[in-house]
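[1] 3D model of this:
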Amino acid sequence: MSQFLRSYLTVIWFGLASILIAGLLLGISAVLRPNKPSEEKLLTYESGVDPVGEGWSQSQIRYYVYALLFVIFDVEAVFIFPWATQLERYAGFGLIEMGVFVAILVLGLVYAWRKRVLRWA
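    Numbering: from 1, shown residues only. The predicted structure follows:
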(Lines give C-alpha, C1' and ligand atoms only; values in the text may rest on other atoms or scores of the structure.)
Protein backbone atom coordinates (compact mmCIF):
# COMPACT_ATOMS: atom_id res chain seq x y z
CA MET A 1 0.00 0.00 0.00
CA SER A 2 1.37 3.41 -0.91
CA GLN A 3 2.03 6.15 1.63
CA PHE A 4 -0.69 8.24 0.01
CA LEU A 5 -3.39 5.61 0.58
CA ARG A 6 -2.04 4.84 4.05
CA SER A 7 -2.59 8.46 5.08
CA TYR A 8 -6.21 8.25 3.93
CA LEU A 9 -6.61 4.99 5.82
CA THR A 10 -5.47 6.78 8.99
CA VAL A 11 -8.12 9.46 8.45
CA ILE A 12 -10.79 6.79 7.94
CA TRP A 13 -9.77 4.98 11.15
CA PHE A 14 -9.90 8.20 13.16
CA GLY A 15 -13.29 9.05 11.62
CA LEU A 16 -14.69 5.63 12.52
CA ALA A 17 -13.26 5.88 16.04
CA SER A 18 -14.85 9.31 16.55
CA ILE A 19 -18.24 8.07 15.32
CA LEU A 20 -17.99 5.03 17.59
CA ILE A 21 -17.02 7.09 20.66
CA ALA A 22 -19.76 9.66 19.99
CA GLY A 23 -22.38 6.93 19.59
CA LEU A 24 -21.16 5.16 22.70
CA LEU A 25 -21.29 8.33 24.81
CA LEU A 26 -24.75 9.25 23.50
CA GLY A 27 -25.99 5.74 24.28
CA ILE A 28 -24.56 5.82 27.81
CA SER A 29 -26.09 9.23 28.47
CA ALA A 30 -29.49 8.05 27.19
CA VAL A 31 -29.40 5.12 29.62
CA LEU A 32 -28.14 7.03 32.66
CA ARG A 33 -30.04 10.32 32.41
CA PRO A 34 -33.22 10.88 34.39
CA ASN A 35 -36.35 10.79 32.24
CA LYS A 36 -39.28 12.53 33.92
CA PRO A 37 -41.20 14.45 31.25
CA SER A 38 -43.83 16.92 32.34
CA GLU A 39 -46.06 19.37 30.54
CA GLU A 40 -43.97 22.26 31.87
CA LYS A 41 -40.79 20.82 30.37
CA LEU A 42 -42.40 20.29 26.96
CA LEU A 43 -43.48 23.94 26.59
CA THR A 44 -41.70 26.09 24.04
CA TYR A 45 -39.27 28.42 25.77
CA GLU A 46 -38.27 31.65 24.11
CA SER A 47 -36.30 34.28 25.99
CA GLY A 48 -38.26 33.83 29.21
CA VAL A 49 -41.57 34.85 27.60
CA ASP A 50 -44.51 32.49 27.91
CA PRO A 51 -45.61 31.30 24.46
CA VAL A 52 -48.85 32.73 23.10
CA GLY A 53 -50.77 31.08 20.29
CA GLU A 54 -49.31 28.50 17.94
CA GLY A 55 -45.61 27.75 17.75
CA TRP A 56 -45.57 28.09 13.95
CA SER A 57 -45.36 31.40 12.15
CA GLN A 58 -44.38 32.29 8.62
CA SER A 59 -41.46 34.63 8.03
CA GLN A 60 -40.91 36.73 4.96
CA ILE A 61 -38.19 35.59 2.57
CA ARG A 62 -36.51 39.00 2.53
CA TYR A 63 -35.12 38.45 6.02
CA TYR A 64 -33.37 35.28 4.86
CA VAL A 65 -31.99 37.02 1.77
CA TYR A 66 -30.78 39.89 3.92
CA ALA A 67 -29.01 37.43 6.24
CA LEU A 68 -27.51 35.63 3.25
CA LEU A 69 -26.15 38.90 1.88
CA PHE A 70 -24.63 39.64 5.27
CA VAL A 71 -22.91 36.24 5.30
CA ILE A 72 -21.58 36.78 1.77
CA PHE A 73 -20.02 40.13 2.65
CA ASP A 74 -18.77 38.80 5.95
CA VAL A 75 -16.95 36.04 4.08
CA GLU A 76 -15.56 38.71 1.80
CA ALA A 77 -13.88 40.29 4.80
CA VAL A 78 -12.41 36.91 5.74
CA PHE A 79 -10.84 36.60 2.28
CA ILE A 80 -9.58 40.19 2.16
CA PHE A 81 -7.82 40.14 5.55
CA PRO A 82 -5.05 37.63 4.69
CA TRP A 83 -4.49 39.39 1.38
CA ALA A 84 -4.15 42.73 3.16
CA THR A 85 -1.61 41.35 5.64
CA GLN A 86 0.58 39.98 2.80
CA LEU A 87 0.06 42.80 0.30
CA GLU A 88 3.79 43.36 -0.25
CA ARG A 89 4.36 39.71 -1.21
CA TYR A 90 1.55 39.62 -3.80
CA ALA A 91 2.41 42.99 -5.36
CA GLY A 92 0.60 44.00 -8.55
CA PHE A 93 -0.80 40.58 -9.40
CA GLY A 94 -2.45 40.28 -5.98
CA LEU A 95 -3.85 43.78 -6.29
CA ILE A 96 -5.43 42.96 -9.66
CA GLU A 97 -6.84 39.66 -8.40
CA MET A 98 -8.35 41.32 -5.32
CA GLY A 99 -9.73 44.08 -7.50
CA VAL A 100 -11.53 41.49 -9.63
CA PHE A 101 -12.82 39.75 -6.48
CA VAL A 102 -14.15 42.98 -4.99
CA ALA A 103 -15.63 44.02 -8.36
CA ILE A 104 -17.62 40.78 -8.56
CA LEU A 105 -18.91 41.34 -5.02
CA VAL A 106 -19.82 44.94 -5.85
CA LEU A 107 -21.76 43.68 -8.88
CA GLY A 108 -23.66 41.34 -6.55
CA LEU A 109 -24.40 44.23 -4.21
CA VAL A 110 -25.61 46.42 -7.08
CA TYR A 111 -27.81 43.57 -8.31
CA ALA A 112 -29.34 43.16 -4.85
CA TRP A 113 -29.85 46.92 -4.62
CA ARG A 114 -31.56 47.05 -8.02
CA LYS A 115 -33.85 44.15 -7.06
CA ARG A 116 -34.72 46.10 -3.88
CA VAL A 117 -33.61 43.25 -1.66
CA LEU A 118 -31.89 45.64 0.75
CA ARG A 119 -35.14 47.36 1.76
CA TRP A 120 -35.90 46.18 5.27
CA ALA A 121 -39.53 47.30 5.54
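
[2] what's around residue 102, how many residues?
    The local packing of residue 102 (other CB atoms under 10 Å) involves 13 other residues. C-beta: built from backbone N, CA, C; applies to glycine.

[3] Give me the domain ranges for this protein.
    1-34, 59-121 (automatic domain parsing).

[4] just the ones you listed: most buried one?
    Burial of the domains of the chain is given as mean neighbour count (mean count of other CB atoms under 10 Å); domain 59-121 ranks first at a mean of 11.

[5] Out of the domains of the chain, which is closest to residue 42?
    domain 1-34 (15.3 Å; CB to CB).

[6] Quick one: distance of the closest one to the chain centre.
    Taking CA atoms, centre = their mean, to the nearest Å, one finds the center of domain 1-34 at 24 Å from the center of the full chain.

[7] next one: stretch 16-35
    On CA atoms, centre = their mean, the centre of stretch 16-35 falls 26 Å from that of its chain.
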